[in-house]
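Chemist: Coordinates for the following, if possible.
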Amino acid sequence: MGWASGGAIFDRVADALIASRANDDLLRSTLGPLIDELRNGDWDTEDESLERFARVPVIVQLFADRNVLLPVDDDISQVLVAHGIAIRVGGFLFDDAGREHFADLVKAVLKRRGATG
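Modeler: Take a look at the predicted model:
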């Protein structure tokens, strides 16, 4: 059975850091280890915290680095793209992990068309 209380802890710390205008380095150095510790304690509602802070790119990236990903809607994808966390092509969203796949896809299309590259 999971631990839902982790969200209350994470959210309070993240809110306090954001309210104090902490820079991205401080957010990373504080929230990254906190996410790890809470997940080690069987935190099972991290997706709810991620959704709550979906407009804070550094927090989104911290969770993504730990394979906790947002369900992507148009608003969220615009934020991710605007902050360089992801790229959007047509209806597809490629995060950092998908960029290499996207590049391979583009090369394959160019090769099929007879282009060099």
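Chemist: Against which helices or strands is the helix or strand harbouring T30 packed?
Modeler: Using DSSP states H and E, T30 sits in helix 24-40. Secondary-structure packing of helix 24-40 (3 or more C-beta pairs under 8 Å, 6 or more residues apart in numbering; DSSP states H and E): helix 6-19, helix 46-52, helix 57-64. The way it works is simple: take the backbone N, C-alpha and C, and place the C-beta from them, glycine included.
Chemist: CA-only coordinates of the last one in PDB, if you can.
Modeler: Meaning helix 57-64. C-alpha atoms of helix 57-64 as PDB (Å, rounded to 0.1, in the frame of the first residue of the first chain):
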ATOM      1  CA  PRO A  57       9.400  23.700 -15.700                       C
ATOM      2  CA  VAL A  58      12.200  22.800 -13.300                       C
ATOM      3  CA  ILE A  59       9.700  20.700 -11.200                       C
ATOM      4  CA  VAL A  60       8.300  19.000 -14.300                       C
ATOM      5  CA  GLN A  61      11.900  18.100 -15.300                       C
ATOM      6  CA  LEU A  62      12.700  16.800 -11.900                       C
ATOM      7  CA  PHE A  63       9.800  14.400 -12.100                       C
ATOM      8  CA  ALA A  64      10.500  13.500 -15.700                       C
END
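Chemist: packing partners for it?
Modeler: Short answer (3+ C-beta pairs under 8 Å, 6+ apart): helix 57-64 packs on helix 24-40, helix 46-52, helix 74-82.
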